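> Curious how this folds, go ahead:
(chains A and B)
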Amino acid sequence: MKEFRGSQNYVASEELLRAANIAMVLQKPLLIKGEPGTGKTMLAEAISQALGRKLIIWNIKSTTKAQDGLYVYDVVQRLYDSQFGGQGVDDIEKYVKLGKLGEAFTDQEQVILLIDEIDKADLEFPNDLLWELDRMEFHIPETGRTVKANHRPVVIITSNAEKELPDAFLRRCVFHYIEFPDRELMEDIVRVHFPDIDKKLLDQVLEAFYKIRNLPQIKKKPSTSEIIDWIQALQHGGVDVRRIVKEVPYLGVLLKKNEDIDVLRRQWR
Amino acid sequence: MFTDFLYLLRRNGLKVSLTEWMALVEGLDKNLHNASFTGFYHLCRCLLVKSEADFDAFDRTFLEYFKDVPFQQEVSQELLDWLNKPEVLTDYANWDEIQALKNMGLSEEEIEQMLKERMEEQKEEHNGGSYWVGTHGMSVFGNAGLSPRGIRVGGQSMYRRAFRVAGERKFRDFRRDNTLDTRQFQVALRHLRQYSGLVDLPPTEFDVDSTIKDTAGNGGVLKVRYKRPRENTVKVLLLMDSGGSMDYYAQLCSALFQAVSKSGHFKDLKVYYFHNCVYGRLYQDPTLLSRNSVPTDWVLSNLPGDYKLILVGDAQMAPYELMGGYYGRSGREDGPRCGMDWLRLLKGRFRHTVWLNPSPRPDWGPYWSQTYDTIAQEYPMFPLTVDGLEESMKKLLSR
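Residues are numbered from 1 along each chain as shown, chains lettered A, B, ... in the order given. The predicted structure follows:
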């Protein structure tokens, strides 16, 4: 098994790398939690790139059911075909369409399966997947076929903690909480996006950014994606480096709430 | 193999099961900790802990159990003792600009390497210098130093520059017994739902999906399917204490109010305010103006008993405000005579009641805790924290 050491476009903390490798070796799903904007979804892409494996993303919505990930039996299409004399109506297999989980199981190579924002779904959703994720197989009663994983996919699950996940599910996962990056790590992350950024500009940006984040009154704290956008705006506008901490130009890129902008204005002056 | 650790974790409230423990053993077997102590810590944490809220409890337990295990660079107690002198905090006399710039340029590995070398050379106390391990100096290790980067050895974190200290409890803020923001309250409130599907109702709602599926499966001959309507049947009556000693908790209470009113998944929500204790009238806003009030009797007689009653208050008042006859006497002969009578009436009317308390039980004398205890005997009382809220929601749903 290859080891994941971060990739060109993704800077991960030592702990995260370790958790990812532990999950891969022990063949357990890796459950990632963390503040929005800490790169939970990006991690799966980075792993798939670094290991050279295909990435299958299953985006969870509030209406998603566990069944959708396994397979869907399209009875209505079959009925149409039977009424209008289509070919191969006898073959039920033709009307069974595999979901994302099914796809990951049947792939000829080992794949990375990302189950994104699992907490969006119904409370029972994770429980319905226990068996499938444990045994990496499921049964299709309509055709009598059992779909078994050719190669155990590397499963990565992200959650925003909107709902509690059931204990039975958690017990099977390797858990990692992505902390918000500290200044040093953030410097590395910014450098990945802007390889030749001016050192002075970067220092000033980070100074202002962490100063704002540490204000307790700020409701929606700016995250990594905001700092990237902000630097882009600053570079594009050609702002004088000395003005950054003092005036915080293009503030709207960093703070998205009116109250927060007001708080900052009051604090700064 | 340190099975005691498992039991210690469980004693400290971490729900570690055998599944996770076996996974840890397997992980150690496969050398996932890279034969290092830090590696072992991370391996334990990502396999045994399943929520960032438990990280702090885990860190404490881990330190407690493994505190005698020597770290890779063992620091002698003697060294720690003289490093532990935080008194001269604001002393910048030893600041050295050139040394500071030099230290900035060092990488973590270089500093660790230097520390290792120094530990072998150093035999005595050094303070204010820039080379040895010591205090108040410009060297990259030691305590209360002025160097912009470095390793802290012993003492309290003062300038928060040290980047590697074993046993720093970073996850304290995630503990669940902290009082937190609206969002977490909302999550807790989501527990408070009782779908009518669970309650026995006749299947009256047309089920489109099942009808199509079964009809198609039936060769096109119509098969109509119905399902039970699924909606939250929970109705909530929220009574909040306002003013006086509650001003201190105003922000917390407003967070709770926001969460309750925003969650919007209740079938009905009624909110009233009171001061100290419920008496003859309930107020419609926290300013407690009598023109915006309704008689408590009206609430008692008009809201059916299946409303879930949530009272929020610190339950601390002068004993006569709760038990005395001056406040809360109703006009009727057989009516309630004091605040406690009103509370009993409410409890009798509503089958599911809880009391959320933002304040801990006062421990400065029986005079202050008397009303707290009296009310706690009558109402199940929970602290107004995320944990307490979750517990109370469970209580409200129990039959």
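> how about the residues of chain A near chain B?
Applying CB under 8 Å from any CB of the partner chain, one finds that chain A approaches chain B through A:15, A:18-19, A:21-23, A:25-26, A:28, A:31, A:33, A:75-76, A:78-79, A:82-83, A:161-164, A:167, A:170-177, A:179, A:184. In this view, the C-beta of every residue, glycine as well, is placed from N, C-alpha and C.
> Just the residues you listed: which are in helices?
Those of the residues of chain A next to chain B mapping onto helices are A:15, A:18-19, A:21-23, A:25-26, A:75-76, A:78-79, A:82-83, A:167, A:170-171, A:184, per DSSP state H.
> OK, contacts around the residue minimising distance to the centre of chain A?
Centrality entry for chain A: nearest residue to the mean C-alpha point is A:Thr41, 1.9 Å, by CA atoms, centre = their mean. A:Thr41 makes contact with A:114, A:116, A:158 under the criterion CB atoms under 8 Å, 6 or more residues apart in numbering or on different chains.
> May I ask which helix or strand encompasses it?
helix A:40-51 (DSSP states H and E).
> Please apply the same query to A:Pro36.
For A:Pro36, no secondary-structure element claims it when assigned by DSSP H and E, so it is in no helix or strand.
> for the closest residue to it other than its chain neighbours, phi and psi?
Nearest residue to A:Pro36, sequence neighbours excluded (CB to CB, 6 or more residues apart in numbering or on different chains): A:Ser223, at 6.0 Å. Here the main-chain torsion angles of A:Ser223 (degrees, to the nearest 10) amount to phi -120, psi -170.
> could you pull out the strands for the chain?
Chain wasn't specified; assuming chain A. A:30-34, A:54-59, A:71-73, A:96-98, A:111-116, A:137-140, A:145-148, A:154-159, A:174-178 (DSSP state E).
> my question was about chain B
B:134-135, B:141-143, B:151-152, B:205-206, B:226-227, B:235-241, B:268-274, B:281-283, B:293-295, B:307-312, B:352-357, B:381-383.
> Could you point out which of these sits nearest A:Asp134?
Taking CB to CB as the measure, these were each checked against A:Asp134, and strand B:226-227 came out nearest at 30.2 Å.
> State the mean pLDDT of that closest one.
Summarised as a single mean, pLDDT over strand B:226-227 is 83.
> Which neighbouring elements make contact with it?
Strand B:226-227 is packed against strand B:205-206, with contacts defined by 3 or more CB pairs under 8 Å, 6 or more residues apart in numbering or on different chains; DSSP states H and E.
> rewinding a little: now list the buried members of the residues of chain A next to chain B.
Among those, those classed as buried by 16 or more other CB atoms under 10 Å in any protein chain shown are A:15, A:18-19, A:21-23, A:25-26, A:28, A:31, A:33, A:75, A:78-79, A:161, A:163-164, A:170-177, A:179.
> I'd like the distance between the residue nearest to the centre of chain A and B:Asn292.
Distance, A:Thr41 to B:Asn292, by CB to CB, to the nearest Å: 49 Å.
> Quick one: name the residues of the stretch 1-150 of chain B near chain A.
Proximity of the stretch 1-150 of chain B to chain A (CB under 8 Å from any CB) is limited to residues B:15, B:17, B:19-20, B:23, B:26-27, B:30, B:32, B:39, B:42-43, B:46-47, B:49-52, B:55.
> so where do the helices sit in the stretch 151-300 of chain B?
Listed in chain order, the helices of the stretch 151-300 of chain B (DSSP state H, counting those that start in this stretch) span B:182-189, B:208-217, B:250-263, B:296-302.
> winner for burial among the ones you listed?
Per-stretch averages of neighbours, counted by mean count of other CB atoms under 10 Å in any protein chain shown, single out helix B:182-189 among the helices of the stretch 151-300 of chain B, with a mean of 20.
> show me where pLDDT drops low in the chain?
Unless you meant another one, I'm taking chain A. Within chain A, the set of residues satisfying pLDDT under 70 comprises A:1-3, A:6-8, A:161-164, A:268-269.
> nope, chain B please
Scanning chain B for pLDDT under 70 picks out B:1, B:68-184, B:194-201, B:263-264, B:325-334, B:399.
> rerun that using 90 as the cut-off
In the prediction, chain B carries residues with pLDDT under 90 at positions B:1-236, B:238, B:240-308, B:312-352, B:356-380, B:382-399.
> Let me see the domain layout of it.
What the record gives for chain B is the domain set B:3-65, B:90-166, B:182-191+B:233-397, B:195-227, from automatic domain parsing.
> I'd like those written out as JSON lines, with distance to A:Lys61 added.
Below are the domains of chain B laid out as JSON lines (distance: least, CB to CB, whole Å):
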{"stretch": "domain B:3-65", "distance to A:Lys61": "24"}
{"stretch": "domain B:90-166", "distance to A:Lys61": "41"}
{"stretch": "domain B:182-191+B:233-397", "distance to A:Lys61": "17"}
{"stretch": "domain B:195-227", "distance to A:Lys61": "16"}
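> I figured A:Tyr10 hits A:Ala46, correct?
Yes: counting by CB atoms under 8 Å, A:Tyr10 sits close enough to A:Ala46 to count as a contact (3.5 Å).
> Look at the two and report which has more neighbours.
Neighbours per residue, other CB atoms under 10 Å in any protein chain shown: of A:Tyr10 and A:Ala46, the larger number sits with A:Ala46, 22 against 18.
> Tell me if I'm right that the more buried one and A:Leu16 touch.
No: the pair A:Ala46 / A:Leu16 is not scored as a contact, 10.0 Å apart, by CB under 8 Å.
> roughly how far apart are the residue of the stretch 201-350 of chain B found nearest chain A and B:Leu28?
Nearest residue of the stretch 201-350 of chain B to chain A: B:Ala216, at 3.8 Å (CB to the nearest CB). For B:Ala216, the distance to B:Leu28 under the criterion CB to CB works out to 54 Å.
> for B:Phe274, same thing?
Relative to B:Leu28, B:Phe274 is positioned 58 Å away (CB to CB).
> So for the two, which residue has more residues nearby?
Ranked by neighbour count (other CB under 10 Å), B:Phe274 and B:Leu28 place B:Phe274 first, with 23 against 17.
> partners of the more buried one in the sheet?
Listed by DSSP bridges, the beta-bridge partners for B:Phe274 are B:Asp241.
> Who are the contact partners of it?
When contacts are counted by CB under 8 Å, 6+ apart, B:Phe274 touches B:239-242, B:282-283, B:288, B:313.
> now do 10 Å
Contact analysis of B:Phe274 by CB atoms under 10 Å, 6 or more residues apart in numbering or on different chains lists B:239-243, B:281-283, B:288, B:293, B:296, B:311-313, B:339, B:342.
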